[in-house]
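> The sequence and its predicted three-dimensional model are supplied below.
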Amino acid sequence: MTPVLLAAAVLAAAFSASPALASGDAARGAALAQERSCGGCHGAKGVSDQPNIPSLAGQQAEFITLQMILFRERLRDAPPMPDLSQGLSDQQVEDLAAFYASLPPGAPEDRSPQREAYSQAGARLAERLRCGVCHLPDYRGQAQVPRLNGQREDFLIHAMAGYRDGTRRGTDTNMNAVMYGVTDAEIAAIAHYLAHRP
Amino acid sequence: MKTRLLALGLGAAMVLPGLALAQQAPAPAWAQGRPDAMSSSNLAPHPPKMTTTPAEQVPVSALRVPQGFKVELWASGAPGARMMAEGPNGTVFVGSRTIGRVYAITEQGGQRQVRTLAQQLNQPNGLAVRDGNLYVIAINRVLRYDGIEGKLDNPGQPVDLTEAFGLPREEHHGWKFANFGPDGRLYMNVGVPCNICEFNRDTHAVIISFNPDGSDRRLEAKGIRNSVGFDWHPTTRELWATNNGRDWAGNETPQDTLHRIRRSGEDHGFPYCAANWRDPAITTGPAACSEFVAPAAMLGPHTAALGMRFYTGNAFPAEYRNQMFIARRGSWNRDQKSGYDVVVAKTDGQGNVTSVEPFLTGLLDEANNRFLGRPVDVLVRRDGSLLVSDEQNGAIYRITHGN
């Protein structure tokens, strides 16, 4: 009985969001990432060691797919990604997303030591802004909402400031509204907290 | 240097815990008006899908239509397909939101060809065709492609009418439904830039019309929160419009609505009233809903009733003649998903809605509370068939009757 119930629960979870998900092939995505040298910036194992370049290991596949389409359609301006994504088919985008989603997430080697009080301040701010409603309380993300745990601190600052300043938006404008009026110091504290979460 | 940085860091650490957020951040639009009791709800808008769904994965085998009708996959490979308009030569133009594209679909030898006609636009949801010219309405932009069907492979630069129309710039609920009325004017909606709030009731939550060149703006209806679908009755010429009710007022409240607009400028009540319900979130305004025009029909809570057309063809049984087909994209702000179908609203001789019945179903899997597709628009073609766009699958279905 239990295995059947479990299987049903897993199935229900798999189908709870949108249909026709996870059509990417991680192995094909790995080959394509190699061919396109994605790891040159995002890290060989999807953990970035370059400032302002996000880690992709363990990221939500649907998030990666949607962002890659925004790059390819030149709807999100973040050089050099719009140029680098030209010519990618939908299938290739989904393959890349499946590959990076399959990699174990990890912290960058150059991560600064955690400052406890600073992290706690960031945690309180994140709670106040209700980040966990969409990113989930453990900040692993879901579907089009990205995983935040262990992301590069500088990139998190860059992304949050971009949403606040209107230089970036997602597949909708919710993050722009969330970041409205949040100060640089507050963004930095939130980023420090999230970057040091396991 | 290092020491100074460290000191700065420590300073920030000591100061921050006592800091309130500099400015109370407004809730994102989809969360506005949410009561504390629902603050931990995990309901959130469903993600869009911007990649191609291969034809064999489009859930056409799940679709159900009434006996005597047939539904088939007409076109696929148009990610984000939403509002439709047909050109004089039969080209079906299709708008989108997030992916920023306008498609043109043509038929040859029983096969459909999907072209991307325009891209990089900000939510080009509104499409209308007049005298062979295609009007594309994105947020705050109006573009006209003259003689479009003669240059589908190379549409060139459109005429930019943005300045003449002078549309509001707000993104939220700023995407358009558009169509030409029987009076030759171009009609479109301007939705409310929030979930529930007070705003200028003459510029937002309205349906407006213009001369085709953008001059002579006229208010057609006000107090309609966001109408993403309207059409004119084939004989009375009255304007009828669907409307999306607000979020976070409970699983059953308020209902989405259908509105009959008998006179230009009528007030349909939002934000004070929705579906004959006095919204307690708005403390100003009249105490009762009786001074507003009541909706013509209820279309279900949170169902996202969007594209709507009167059936003007001759290919369906007589009972469907001059009745309304309405696409319901499906709910996000409701624990048990609802909508994800096409319904038909039938009226009597006086124009009273007598029933709202399912017509195209099968995209909602109620047992597992999941959906397979999201119908956004319906279009009656000249041959009397009915097209239905499915945004989630980037597909268009065709419904015919008999053999």
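Noted; the coordinates are in hand. Source: prediction; values computed, not measured.

> In this structure residue B:139 contacts residue B:174, no?
Yes. Applying CB atoms under 8 Å as the test, residue B:139 and residue B:174 come out as touching, 4.4 Å apart. In short, each C-beta sits where N, CA and C put it, glycine included.

> what sits in contact with each of those two?
Common neighbours of residue B:139 and residue B:174, using CB atoms under 8 Å, 6 or more residues apart in numbering or on different chains, are B:123, B:167.

> In three-state terms, how would residue A:66 be classified?
Residue A:66 falls in the helix class when you classify it by DSSP: H, G, I helix; E, B strand; the rest coil.

> residue contacts, it?
Residue A:66 makes contact with A:144, A:170-171, B:47-48, B:50, according to CB under 8 Å, 6+ apart.

> Let's see the ChimeraX selection covering just the buried ones among those residues.
Of the contacts of residue A:66, the buried ones go into a single ChimeraX selection, burial set by 16 or more other CB atoms under 10 Å in any protein chain shown:
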select /A:144,170,171 /B:47,48,50
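
> Max pairwise distance over the contacts of residue A:66: which two?
A:170 and B:50 (12.0 Å; CB to CB).

> just the helices in chain A please.
Per DSSP state H, chain A carries helices over the ranges A:2-14, A:26-35, A:39-42, A:61-72, A:81-84, A:90-102, A:116-128, A:131-135, A:153-165, A:174-178, A:184-195.

> Mind putting the ones you listed into CSV with mean pLDDT?
Listed next are these as CSV, based on pLDDT from 0 to 100:
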stretch, mean pLDDT
helix A:2-14, 36
helix A:26-35, 98
helix A:39-42, 97
helix A:61-72, 97
helix A:81-84, 97
helix A:90-102, 98
helix A:116-128, 96
helix A:131-135, 90
helix A:153-165, 96
helix A:174-178, 85
helix A:184-195, 98
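
> For those, could you give me CSV that also reports distance to residue B:310?
As requested, those are exported to CSV (distance: least, CB to CB, whole Å):
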stretch, distance to residue B:310
helix A:2-14, 39
helix A:26-35, 48
helix A:39-42, 53
helix A:61-72, 36
helix A:81-84, 43
helix A:90-102, 36
helix A:116-128, 50
helix A:131-135, 39
helix A:153-165, 43
helix A:174-178, 36
helix A:184-195, 52
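
> picking that back up, identify, from the contacts of residue A:66, the entry nearest to residue B:156.
Residue B:156 lies nearest to residue B:50 out of the contacts of residue A:66, by CB to CB, at 25.8 Å.

> Can you name the residues that contact residue A:42?
Neighbouring residues of residue A:42 by CB under 8 Å, 6+ apart: A:48, A:53-56, A:100.

> TSV please, covering these and showing neighbour count and distance to chain B.
Putting these into TSV (neighbours: other CB atoms under 10 Å in any protein chain shown; distance: CB to the nearest CB, whole Å) gives the following:
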residue	neighbour count	distance to chain B
A:48	22	22
A:53	17	22
A:54	21	19
A:55	26	21
A:56	28	18
A:100	27	16
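
> Residue B:106 touches residue B:91, doesn't it?
Yes. Contact criterion CB under 8 Å: residue B:106 and residue B:91 qualify, at 5.3 Å.

> quick one: which of the two has more around it?
Each of residue B:106 and residue B:91 has its neighbours counted (other CB atoms under 10 Å in any protein chain shown); residue B:91 has more, 21 against 17.

> Distance-wise, check the residue nearest to residue B:261 when sequence neighbours are not counted relative to residue A:155.
Leaving out its chain neighbours, the residue that sits closest to residue B:261 by CB to CB, 6 or more residues apart in numbering or on different chains is residue B:239, at 4.3 Å. Counting by CB to CB, to the nearest Å, the gap from residue B:239 to residue A:155 is 50 Å.

> The two: which has the busier surroundings?
A direct count of neighbours by other CB under 10 Å for residue B:239 and residue A:155 places residue B:239 higher, at 25 against 19.

> And the residue of chain A that's closest to chain B?
Nearest residue of chain A to chain B, counting by CB to the nearest CB: residue A:181, 3.1 Å away.

> give me the number of residues near that residue?
12.

> what's near enough to touch residue B:185?
With contact set as CB under 8 Å, 6+ apart, residue B:185 has these partners: B:209-212, B:218.

> ok, now with 10 Å
By CB atoms under 10 Å, 6 or more residues apart in numbering or on different chains, the residues touching residue B:185 are B:179, B:208-212, B:216-218, B:220.

> Max pairwise distance over these: which two?
Top of the distance list for the contacts of residue B:185 (CB to CB): B:179 and B:216, 17.2 Å.

> And these two? Which one has more around it.
Shown here are residue B:179 and residue B:216; by other CB under 10 Å, residue B:179 has more neighbours (23 against 9).

> So what's the residue count around the nearest residue to residue A:78 once chain neighbours are set aside?
Of all residues not flanking residue A:78 in the chain, residue A:71 sits nearest, at 7.0 Å (CB to CB, 6+ apart). By other CB under 10 Å, 22 other residues sit near residue A:71.

> So residue B:221 is in contact with residue B:206, correct?
Yes. Assessed by CB atoms under 10 Å, residue B:221 is found in contact with residue B:206 at 6.5 Å.
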